[in-house]
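*Asks:* build me a structure from this.
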Amino acid sequence: MVEITILKRTRTEAVVTQRKFFKKTARGKVIKVLRERYLRDDVSCGINDCRECEEASLPVSGDRTHPSFPNGHFILPDTNVFLCQMDLIESPLFNPPIILLQTVLEEVRHRSLPLYNRLKTLTKMDDKKIWVFYNEFRSETAIIREEGETPNDRNDRGIGKATAWYNSHLAVNRPPIRGQTAPIIPTVVLMTEDAANRNKAEKGGISSISVRKYVEGMKDATQLLDLLAAEGSNEIEPTKAVSGRQALYPEYLPTATLAAGVKAGELHQGHFNANQYNYLEGSVPVPAFTKPVLLIGRENMNRAVNGDIVVVEVFDKKEWKAPADEVVDQESTLKNDDADESGEEGEGEDDELLIKERKLLQSEKRTSEKQPTGRIVGIIKRNWRAYVCHIDSTSLTSSNATSLSQQTVFATPVSRLLPRIRLRTRQAPTLIGQKILVTIDRWDVTSRYPEGHFVRALGKVESKEAEQESLLLEFEVPYRPFGKAILDCLPEQGEQWVVPPRSDMSPEWKNREDLRDVLICSIDPPGCQDIDDALHARQLPIGNIEAGVHIADVSHFVHSDTPMDSEAASRGTTVYLVDKRIDMLPALLGTNLCSLRPFVERLAFSAIWEMTQDAEIVNVRFTKSVIASKAAFTYEEAQIRKDDPNRQDELTRSIRLLNTLAQKLKQKRMDAGALNLASPEVKIHLDSSESSDPIDVEQKELRETNSLVEEFMLLANVSVARKIEETFPQTAVLRRHLPPPRTNFEKLQDILLKRKGMKLDVSSSGALAASLDRCIDPKEPAFNTLVRIMATRCMLSAEYFCSGSVGKDTFGHYGLASPIYTHFTSPIRRYADVLAHRQLSAAIGCSPLHASLHSKPHVERVLDVVNRRHRMAQMAGRASVEFYVGLALKGRGEREKKMSGEAAEVLEEAFVIRTFRNGVGVFVSKLGIEGLVMFKKDMQFDADNYTITVGETTIAVFDKVTVRVEVEKDKNTQRGRVKMTLVHPIDTRSL
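*Replies:* Residues are numbered from 1 along each chain as shown. The predicted structure is shown next:
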């Protein structure tokens, strides 16, 4: 008989069932799922010199600088500390050794993915001492949820057990120190805001502390205390009114009631949109109504902040109202409000302001068509984040810069869509005149304003550096430098990388066509460094024409499942400010290795068509390629070359051939019903010196060559869309533009009919295009462009989508009159294009498609981020232009004053685009900006006919007026803002 010896393993390993649940499969079968955990006793504690554990990064003695823990300590925060105090944790001044439990990390991920991502980033930073302890896998710290125990109670018990284990583990495994009779044992301190948990810990012999008490004992307490969020900051459930104070808002309904009401159709869910012209109004678009639900007054908006997902109750139809027709400015109405709500005096002021606002609401005239009206009864998801603000100097109680006493002040957000934020800070006097970041923490029913905390200062108001950063933060543009892990994904050769000589063994040449001898050129705006695209056209012997679009092969360098790909997906797009570019990809790729520079060989992805002389497509093929561009033209250079009859070289003839085809392609689009819309675009001239100050503004000039490039990019995008949707019908990355609801055009239709006698047919894109073509005023050439700009604002935004997520009948692009569309032509600056490249490469057999692009949920998640980043990038770009227009006008005035001794008035022609009871909205086409001309006195207002009468003078929408353009400091943004006053037909300075 063979003797068998069984040896027991030295480490324990056990299996416990973590979770059991039932799941329904795609085929409808119900299965039982068990999730198991393997428990071990070798999960490291992370503390250096531990006699038992191997991996470590935390200092052996912890931190000995805190007076409450002279023997040294580590802090072990519970989940709510990370959920509510992340700004504190991220501060470089806050750096005690932190033990982050797996239980806490997973709960943060479940409660807030953005905070989870911030926390994961912190764990990877070299200057932070954070150890992730996998307590759910260590046998001594793992727990099983008991019967009847809530998940929250289970997690609290697990955190307490892990803290107790750490202290006993340190006592046993602390190495002896020579000369000491007994080792000094540092303490693992439970950090929690829950008083009950602190009491329970103390009874169990565990040290615990609140965040505030801990920070008060730190060396940099003055700065760090300002970072603390208000208590209760993570709650959107109903809260009890603060004892002794009057409730200004109704309580929210319980979550279960909200869910049941929405399901039954009695309540409606949607995003809250604040009104930039009237802080006492907001709206919530919901599917049940063609027009948004109107919210009038603070009580009905019920503490919602722009972008919150809310639940609204719609009033009976007899209570429906129309939006107000006058501008109501928060700063003017509430200029004497007190930031400190404490005490009886604050209550009296609340009453006065309530009376003032109610009178204002009652006095508002509402003459336009009524729409659904209601009130907010609950918040599903808050959109709170860090906001760019400035301290309102009038709210300071002490301006003594040396005073360290805490003051309650108002922080005024840059965005007019946000309420003022009440802020408690010890640094108020030193923060005056600075842009700062402020996070909203809570908004009680007893408080007129939300309460928040200071995060950090950005710099001096109106300094270019602070303004640029504030723009990026305001529109949530990621602008951090690319990290080492991302840069490690770049080719090792760096700038020395070149396309290797052609060889069957070279991976760069695999499945690639050699197009280096083809006469290819690029046409771009002046100064363009990230050249995505190039073109060619040549006559074929059979009489047809070959035309090609060649796009930078970014996907060759940016691979799936790499840090660089993850970062590009997170950024979504390159953001263009007036004098700064925030790249989606590292500059080595964007402006060098991928950029299709002239006279160098580059990897490309080519779409090549055979066309007839009438631009009818005979066939199209797609191929990876190697090209060598022969020239890089600006639009102006290409136009001059095309128009010069003395130039008959092959490259010029190629441009002319491309232009002829482009004109025919455009006509085909127009015949199919494509829209020729307009948007205000200006060019800002910067000083050539190092200062890069703006010196002038002019309208962008569009040439034939702009249209040439546009038409071929559109053609490439449509052709690629067809191919990838045909190959991957469930996960193709496409772009659509849904037809706008006809109600969006009602006001513009009414204005055109009443002011110009013109009819706007919006029954289809073709009918709208034809109508817009007929909107011509022989006396005013710019009128048609103005109408097109106004029509553009009635449209819905285009969006990326996953082909399998929507019905095929909704694939179309309304503006382009194309049944299918994608983005393929700008992969250097748009992540959606990178995905389209990967799908096209797989569709033509060049490379396999990564598994993630076969997953519909994955594609949907990525495109949600890309859509949001794209919208924010557009808004950041527009805000940058507005800021620099103000700087340019201010600089122009200063130069003229320096030369002549006095600043000359800047007078510009403008069109009236909107009328209010107390002002008019105007558009200055030369500067590409809008302005609000306010009247201090009440005027005769005719809302039905869109006119306002001052004495004997009547001003109407579409009237041309002359405005005086000045620059003043905006009360919200604290930037130089363009201010306009009427000069003709009346001078509003006298009003």
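*Asks:* could you check how far the longest helix along the chain is from the centre of its chain?
*Replies:* In terms of residue count, the longest helix belonging to the chain (DSSP state H) is helix 856-900. Relative to its chain's centre, helix 856-900 lies at 13 Å (C-alpha atoms, centre = their mean, to the nearest Å).
*Asks:* stretch 955-972 now?
*Replies:* Counting by C-alpha atoms, centre = their mean, stretch 955-972 comes out at 29 Å from the chain centroid.
*Asks:* ditto for stretch 848-867
*Replies:* Using C-alpha atoms, centre = their mean, the offset of stretch 848-867 from its chain centre is 19 Å.
*Asks:* pLDDT averaged over it - what is it?
*Replies:* For stretch 848-867, mean pLDDT rounds to 95.
*Asks:* still on that earlier bit, C-terminal to the longest helix of the chain, what's the next element?
*Replies:* strand 906-916 (DSSP states H and E).
*Asks:* now do that next one and helix 856-900, the angle between them.
*Replies:* With axes from the mean of the first three to the mean of the last three C-alpha atoms, to 10 degrees as the basis, strand 906-916 and helix 856-900 are set at 130 degrees to each other.
*Asks:* can you pull the alpha-carbon coordinates of strand 906-916 into PDB?
*Replies:* What follows is strand 906-916, C-alpha atoms only, in PDB (Å, rounded to 0.1, in the frame of the first residue of the first chain):
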ATOM      1  CA  VAL A 906     -16.600 102.100 -30.200                       C
ATOM      2  CA  LEU A 907     -19.800 102.200 -32.200                       C
ATOM      3  CA  GLU A 908     -21.100  99.200 -34.100                       C
ATOM      4  CA  GLU A 909     -24.200  98.200 -36.000                       C
ATOM      5  CA  ALA A 910     -26.300  95.600 -34.400                       C
ATOM      6  CA  PHE A 911     -29.600  93.700 -35.000                       C
ATOM      7  CA  VAL A 912     -32.300  93.400 -32.300                       C
ATOM      8  CA  ILE A 913     -32.900  89.700 -31.800                       C
ATOM      9  CA  ARG A 914     -35.100  89.800 -28.700                       C
ATOM     10  CA  THR A 915     -37.300  92.200 -26.800                       C
ATOM     11  CA  PHE A 916     -38.000  92.400 -23.000                       C
END
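*Asks:* can you list the strands that that strand pairs with?
*Replies:* strand 919-924 (antiparallel), strand 960-969 (antiparallel) (DSSP bridges).
*Asks:* tell me the SS of residue 794?
*Replies:* coil (DSSP: H, G, I helix; E, B strand; the rest coil).
*Asks:* tell me where the stretch 401-550 of the chain has helices.
*Replies:* 428-431, 464-474, 484-487 (DSSP state H, counting those that start in this stretch).
*Asks:* returning to what we had before: could you check the angle the longest helix of the chain makes with helix 464-474?
*Replies:* 150 degrees.
*Asks:* I'd say residue 455 and residue 440 touch.
*Replies:* No. Counting by C-beta atoms under 8 Å, residue 455 sits too far from residue 440 to count as a contact (11.0 Å). (Glycine included, C-beta is placed from N, CA and C.)
*Asks:* so for those two, which residue has more residues nearby?
*Replies:* For residue 455 versus residue 440, the count of surrounding residues by other C-beta atoms under 10 Å is larger for residue 440: 26 against 21.
*Asks:* got a list of what that one touches?
*Replies:* 305, 384-385, 387, 421, 450-452 (C-beta atoms under 8 Å, 6 or more residues apart in numbering).
*Asks:* rerun at 10 Å
*Replies:* With contact taken as C-beta atoms under 10 Å, 6 or more residues apart in numbering, residue 440 is in contact with 229-230, 233, 305, 382-387, 411, 413, 418-419, 421-422, 449-453.
*Asks:* again, but for residue 65
*Replies:* Contacts of residue 65 by C-beta under 10 Å, 6+ apart are 72-73, 95-96, 217-219.
*Asks:* are any of those residues buried, and which?
*Replies:* 72-73, 95-96, 218 (16 or more other C-beta atoms under 10 Å).
*Asks:* just those residues: which are in strands?
*Replies:* Using DSSP state E, the members of those that fall within strands are residue 73.
*Asks:* may I see the buried ones among the contacts of residue 65 arranged in a markdown table, with pLDDT as well?
*Replies:* Output for the buried ones among the contacts of residue 65, formatted as a markdown table (pLDDT from 0 to 100):
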| residue | pLDDT |
| --- | --- |
| 72 | 91 |
| 73 | 94 |
| 95 | 91 |
| 96 | 94 |
| 218 | 92 |
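*Asks:* from the buried ones among the contacts of residue 65, which is closest to residue 620?
*Replies:* In terms of C-beta to C-beta, no member of these lies closer to residue 620 than residue 95, at 58.7 Å.
*Asks:* over to the closest one: give its phi and psi.
*Replies:* The phi/psi pair for residue 95 (degrees, to the nearest 10) reads phi -140, psi 40.
*Asks:* thinking again about what came up before, mean neighbour count and mean pLDDT added to the helices of the stretch 401-550 of the chain, as CSV?
*Replies:* Listed next are the helices of the stretch 401-550 of the chain as CSV, based on neighbours: other C-beta atoms under 10 Å; pLDDT from 0 to 100:
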stretch, mean neighbour count, mean pLDDT
helix 428-431, 20, 88
helix 464-474, 21, 88
helix 484-487, 13, 92
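*Asks:* as CSV, these with distance to residue 806 would be great.
*Replies:* Putting those into CSV (distance: least, C-beta to C-beta, whole Å) gives the following:
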stretch, distance to residue 806
helix 428-431, 48
helix 464-474, 31
helix 484-487, 33
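*Asks:* so which of those is nearest residue 772?
*Replies:* That would be helix 464-474 among those, by C-beta to C-beta, at 32.9 Å.
*Asks:* in this protein, which helix or strand is least confident?
*Replies:* helix 343-363 (a mean of 52; mean pLDDT, DSSP states H and E).
*Asks:* could you point out which element follows that helix?
*Replies:* Heading C-terminal from helix 343-363 (DSSP H and E), you reach strand 373-381.
*Asks:* so residue 317 sits against residue 289, correct?
*Replies:* No. Contact between residue 317 and residue 289 fails when scored by C-beta atoms under 10 Å: they sit 11.1 Å apart.
*Asks:* residues contacting residue 639?
*Replies:* So residue 639 contacts 523, 633, 655, 659, 701, 703-706, 708 (C-beta under 10 Å, 6+ apart).
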